[in-house]
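Colleague: Give me the fold of what follows.
(one chain, ligands or ions: 1)
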Amino acid sequence: MADTIFGKIVRGEVEADVVYRDELVTAFRDINAQAPTHVLIVPNEAIPTAADVEPSHEPALGRLFTAARKIAEAEGIAEEGYRLIVNVRGHGGQEVFHLHMHLLGGKRLGRMLSG
Ligand code: 5GP
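Modeller: Okay, the predicted model is just below:
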């Protein structure tokens, strides 16, 4: 598959504000934040989209959620709540084809779908 900007961030070739990293996932602040906290959590292995996941990816996919929980706690938004989003391919609004989970919070978010 084609490399993406997120692959370069995972490998440390492109700068990002990394907030969490382990052997399976990397998390960094979105460059165009849509909320006071907007973090992207990505598997270190580049899976293009959620439509491409295989059973072998399950450890990394599960880690997305445990990392999200830790990051939300560290950001101080766990109690009030937050939103996790995975956009999939064109109609889902996916722009970067390295699967990623958006973690958004820090304010009351609006309706989930605007269009
Ligand atoms: P998608 O629409 O694919 O679900 O979300 C892609 C997200 O990646 C967007 O929210 C966009 O702002 C963010 N993004 C795109 N390029 C970069 C980058 O180079 N660095 C960071 N930190 N975020 C990026």
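
Colleague: Does anything pack onto the longest helix along the chain? Which helices or strands?
Modeller: In the chain, with assignment by DSSP state H, the single longest helix is helix 58-75. Other elements packing on helix 58-75 under the criterion 3 or more CB pairs under 8 Å, 6 or more residues apart in numbering; DSSP states H and E are strand 18-21, strand 25-29, strand 37-43, strand 82-85, strand 101-105. The C-beta positions use only the backbone N, C-alpha and C, and glycine is treated the same way.

Colleague: quick one: that helix to strand 101-105, angle?
Modeller: Orientation of helix 58-75 against strand 101-105 (axes from the mean of the first three to the mean of the last three CA atoms, to 10 degrees) gives an angle of 20 degrees.

Colleague: In helix 58-75, which residues are buried?
Modeller: 60-61, 63-64, 67-68, 71-72, 75 (16 or more other CB atoms under 10 Å).

Colleague: between those residues, which is nearest D52?
Modeller: Nearest to D52 out of the buried residues of helix 58-75 is L61 (CB to CB; 11.4 Å).

Colleague: The ligand contacts on the protein?
Modeller: For the chain, the residues in contact with the ligand (CB under 6 Å from any ligand atom) are 5, 16, 28-32, 40, 87, 93-96.
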